[in-house]
Each structure stands twice: as structure tokens, then as C-alpha cells.
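**Student:** Have a look at this prediction, sequence included:
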Amino acid sequence: MSVSALSPTRFPGSISGFLQVASVLSLLLLLFKAVQCYLHRRWLLRATQQFPFPPSHWFFGHKIPKDQELQDILTRIKNFPSACPQWLWGTKLRFQVYDPDYMKVILGRSDPKGHHAYKLLAPWIGYGLLLLNGERWFQHRRMLTPAFHYDILKPYVRIMADSVHIMLDKWEQTVGQDSTLEIFQHISLMTLDTIMKCAFSHEGSVQLDSVSSNGRQANNAYRLTHDHTDQVIKLRKAQLQDEGELEKIKKKRRLDFLDILLFARMENGSSFSDKDLRAEVDTFMFEGHDTTASAVSWIFYALATQPEHQKRCREEVQSLLGDGTSITWDHLYQMPYTTMCIKEALRLYPPVPSVSRDLSTPVTFPDGRSLPKGITVMLSFYGLHHNPSVWPNPEVFDPSRFATESARHSHSFLPFSGGPRNCIGKQFAMSELKVAVALTLLRFELLPDPNRIPVPIPRLVLKSKNGIHLCLKKLQ
């Protein structure tokens, strides 16, 4: 090869040619993607053509103002019965459902959880019962069911009560008469405290470990708890290798959640892997404290805005518990009016506002309309609970709606979802809600802060954009 062939003067032409080829390829790729997106959008339009929807931009979709998602759902309910497509942008669409008949159909199937809605959770909680699908989900569900038997849950009531008392003691020490407090972070630490003790037999209290209960310290507590999981699992598994320690665990007055997981066996005799153990414990921790914290906070707010109902609940609890120093499992089934108020608050403020499913096969609804495989369905529990065709005057707090169970559609009230994938910890959660409400009403009158009305926003759990602030009036 001659020296002139390698001359620098030849490189500009070569680079220019390369850039031209690259530009052409890029344009072809963009054209291919554009055609692909166009065809997919046309498919989505055909797939949902039986379901009208409000006008949308061809690219930006239904431009919903930030934190207006719930108001948008309520508007759709008025104009589009049962269900309505929502265009997010371009070729992204989700099919919103807020009708009990539609809910029953979807929740009775075995479609996988919506991938995009839950993928952010996977690095944090792993693939436990919440995120698993198919046969693995079925195996885990069957192995975990004994962990939520009544005999296992009954001793947890004392633990729940201890955690609530710690929170209430701190409230008495830190708030003055008629003081206003943002309650969500306090309640979140309280429910985390309960879960730590029920999952690991944890000694101490994350509530007392924090000097105060602001958001940063609550988040630090969650992170420390997450890091703590592996160490506890490793230690407990090592104890099971020692016959003496094994007998001690079996003779414990109560088994915690981790004990039950370690003893669980599949039909072929195999047990949970370390990865599965970690995922199920982390899932239990997340679902058992964050959702419950949301529920308790909104129940307190609902009762604060309803003084007559709050008074009647307090009188019922006082007649049952006296000073509340001792509350048992049996007590939880002897407070019917308080339970009705709790359920009505859960209707107005469902702790999990929605879940999603990716249709694995076509579906036909009772009214004859259908959807093909591949559509993402968002089940809006908030929309269902505020649907006036299901609940007359849905914005009115009316506990009498729950005076009888038989008069309601089986899928009209779904604070814990429904079907085979309903919340496995429903009974655990309801027990904790009753304990928290009963013990709090014995010590405080709850009043709303007129200057800071909470603004519900749908996240993984139902939260408030500006916190949940209440005036706490200590009872004599």
C-alpha cells in the first residue's frame, strides 16, 4: 500500500461517506419505528372501538393535569359507563374499569399483573406474591396461606396494640391541647413497627429509635429494615440447623411470619430459596405497612370530619374496652358500628387506588363488549367506590351502607381487591385497622385542620399531596 493511500487528505471523504450512510440508516430506522407506532395505534383504536372516550391528542394522549387523575376518573364515570380507554401518549393506552360486573370478570381470570405498573417495585421487594404470576404465584400463595390462619393472627393483636400505644404515648408527649399534627408519617412508623415484630419477632421499636417522626426518618427506617432482612433470614436459617434451637422455635408461644416461611414446603417437599424468602418477607413488609398506614390515616381523617359518627364509635369502644388497657381478638368482632365506619372510610379512600392486568387472552364482558389479548386493563377501585350507579351519593359518608352485606354486588367494595389474587393479608390488615381506631378514639378526639384539607393522589398507595393534618384533642 502506498503512503499516499494513507494520506490524511483521504479521511474527510471517508468520514463524510460514513456519516451519509449513518444518516440514511437512521432515517430508515425512524421511518420503520414511525410506521410501527402508527400500525400499533391503529390496532389499539380497533381493539377499543366499542368503548367511547373523550377527545385526545394524537401524540400526547389525554393530557391530565398533574395530581388530577382521580378527578379525571370521576368525570369519565359520569360520561362513559362501566369502562373507558385512556391514552397516555402515542401508542400507550390503558383501559380503565370502574364497574363491578367488569371487575368481577377481570379479577376472576388469571391475567398477569400489569408489567409497566409494577416493574419499579421489583428491585425493592423482589418477585414475591405481589409480583409473581402463573404457577409460581400459585405455589407461593398455597405455601403462604397458613401464615394468615386465624390461630396465627390472634396473638398479633397484642403486638398491634403495643405499637399503637407507643404512637399514642408519643402524641401525648409532643402535642399540646388542640395541636395540629401531620399523622401519616407517625402512623407509617407505627405500622412498620408492627410488621417488624410480626415478621421477625423484632425486639425494640422503630418508633422509639427515631427522635421524631418526620418523613426523612421514616424513610431511613424503611431502608434499615430492608437491609436488615437478609441478616435475620441468615441467622434464623442457621438456628434451624441446630436441633436444640429448632425445638425452641417450635415451642414458641407464637410463630412469626419468617418461622412460617422457613417451615413451609411445596408438594414435592422443597422449601423457599433464599431469594424467594427475601422476596416474600419484603413483600409482606411493604404490603403490610405502607397500605395499612394509608388506610389508618384516611380512616382517622374521615372520622375527624364526621364528629357524630366518631362519637358513636367512641361510645361503642368505651362500652366494650373500658380504658383500653387490654384488647383481644374477640373484641374485634364486637364493635359493629366502628367496623361499618372503617369500611365506609375504606370505600371513600381505598388504600390501593388501582391495580392493573395485561390481558393474556381475549375477554368478553357481560354487556357483550370485548377486548383482545394484549390490552392493559387498569381496575380503578377508587372509581368503583365513587361510581354513583353503584353507590348512590358516593361522596357522602354513610356507614349504614355496610349494615347488611347481602344487598351489595359481590365486587362493589374492593379495598383489598378480589378474586383469587385478593390481598392474602386482608384479615391481618382489618385487625390492625380496628385496633388502631379503637385505641386512638379512647385517648383522642380527632378534628380536621380547616387550613389544610388533604388532597388525595393515587400512588402505589393512596396518599395526600399536602399530607394529612389533624387536630388532636386529648381526652380527659
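**Tutor:** Sure thing, it's come through. For clarity, every value in this text was computed on a predicted model and none was experimentally measured. Residues are numbered from 1 along each chain as shown.
**Student:** okay, now residue 410: neighbour count?
**Tutor:** 11 (other Cβ atoms under 10 Å). In this view, the C-beta of every residue, glycine as well, is placed from N, C-alpha and C.
**Student:** If I look at it, what pLDDT would I see?
**Tutor:** Looking at residue 410, its pLDDT stands at 94.
**Student:** Neighbours of residue 388, how many?
**Tutor:** What residue 388 shows, counting by other Cβ under 10 Å, is a neighbour count of 12.
**Student:** burial measure for the nearest residue to it once chain neighbours are set aside, as a count.
**Tutor:** Ranked by Cβ to Cβ, 6 or more residues apart in numbering and with sequence neighbours excluded, the top spatial neighbour of residue 388 is residue 394, at 5.4 Å. By the measure other Cβ under 10 Å, the count of residues near residue 394 is 19.
**Student:** Spell out the secondary structure type for residue 394.
**Tutor:** What DSSP: H, G, I helix; E, B strand; the rest coil gives for residue 394 is coil.
**Student:** Got phi/psi on it?
**Tutor:** phi -60, psi -20 (degrees, to the nearest 10).
**Student:** any chance you could map the helices in the stretch 101-250 of the chain?
**Tutor:** Per DSSP state H, counting those that start in this stretch, the stretch 101-250 of the chain carries helices over the ranges 115-118, 122-125, 134-144, 150-153, 156-174, 184-200, 206-209, 215-240, 243-250.
**Student:** and the ones you listed, which is most packed in?
**Tutor:** Greatest average neighbour count among the helices of the stretch 101-250 of the chain goes to helix 184-200 (a mean of 25), per mean count of other Cβ atoms under 10 Å.
**Student:** Export that one to PDB, keeping only CA atoms.
**Tutor:** C-alpha atoms of helix 184-200 as PDB (Å, rounded to 0.1, in the frame of the first residue of the first chain):
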ATOM      1  CA  PHE A 184     -49.200   9.900  58.000                       C
ATOM      2  CA  GLN A 185     -45.500   9.600  58.900                       C
ATOM      3  CA  HIS A 186     -46.300   8.700  62.500                       C
ATOM      4  CA  ILE A 187     -48.800   6.100  61.500                       C
ATOM      5  CA  SER A 188     -46.400   4.700  58.900                       C
ATOM      6  CA  LEU A 189     -43.700   4.200  61.600                       C
ATOM      7  CA  MET A 190     -46.300   2.500  63.800                       C
ATOM      8  CA  THR A 191     -47.400   0.000  61.100                       C
ATOM      9  CA  LEU A 192     -43.700  -0.600  60.300                       C
ATOM     10  CA  ASP A 193     -43.200  -1.300  64.000                       C
ATOM     11  CA  THR A 194     -46.000  -3.900  64.000                       C
ATOM     12  CA  ILE A 195     -44.700  -5.600  60.800                       C
ATOM     13  CA  MET A 196     -41.200  -5.800  62.200                       C
ATOM     14  CA  LYS A 197     -42.400  -7.600  65.300                       C
ATOM     15  CA  CYS A 198     -44.900  -9.900  63.400                       C
ATOM     16  CA  ALA A 199     -42.400 -10.800  60.700                       C
ATOM     17  CA  PHE A 200     -39.200 -11.200  62.800                       C
END
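**Student:** Quick one: list the elements packing against that helix.
**Tutor:** The contact analysis (3 or more Cβ pairs under 8 Å, 6 or more residues apart in numbering; DSSP states H and E) places helix 184-200 against helix 156-174, helix 206-209, helix 215-240, helix 257-263, helix 274-304, helix 426-443.
**Student:** to the chain's geometric centre, what's the distance from the fourth one?
**Tutor:** Mean C-alpha position of helix 257-263 versus that of the full chain (Cα atoms, centre = their mean, to the nearest Å) differs by 23 Å.
**Student:** Dump the helices of the stretch 101-250 of the chain to TSV, plus mean pLDDT and distance to residue 272.
**Tutor:** Below are the helices of the stretch 101-250 of the chain laid out as TSV (pLDDT from 0 to 100; distance: least, Cβ to Cβ, whole Å):
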stretch	mean pLDDT	distance to residue 272
helix 115-118	70	21
helix 122-125	80	15
helix 134-144	91	7
helix 150-153	89	17
helix 156-174	94	21
helix 184-200	92	14
helix 206-209	82	25
helix 215-240	70	10
helix 243-250	64	16
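**Student:** Nearest to residue 390 among the helices and strands packed on helix 184-200 would be which one?
**Tutor:** helix 274-304 (18.9 Å; Cβ to Cβ).
**Student:** Also compute the angle for that closest one relative to helix 426-443, please.
**Tutor:** 40 degrees (axes from the mean of the first three to the mean of the last three Cα atoms, to 10 degrees).
**Student:** Could you pull out the buried residues of helix 274-304?
**Tutor:** 276-304 (16 or more other Cβ atoms under 10 Å).
**Student:** helix or strand right after that helix?
**Tutor:** Sequence-wise, the next helix or strand downstream of helix 274-304 (DSSP states H and E) is helix 307-321.
**Student:** Can you name every helix or strand that that next one contacts?
**Tutor:** Helix 307-321 packs on helix 274-304, helix 336-348, helix 426-443, strand 444-448, going by 3+ Cβ pairs under 8 Å, 6+ apart.
**Student:** In JSON lines, list the ones you listed along with mean pLDDT and distance to residue 128.
**Tutor:** JSON lines is the format used below for the helices and strands packed on helix 307-321 (pLDDT from 0 to 100; distance: least, Cβ to Cβ, whole Å):
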{"stretch": "helix 274-304", "mean pLDDT": "92", "distance to residue 128": "3"}
{"stretch": "helix 336-348", "mean pLDDT": "98", "distance to residue 128": "24"}
{"stretch": "helix 426-443", "mean pLDDT": "97", "distance to residue 128": "16"}
{"stretch": "strand 444-448", "mean pLDDT": "96", "distance to residue 128": "35"}
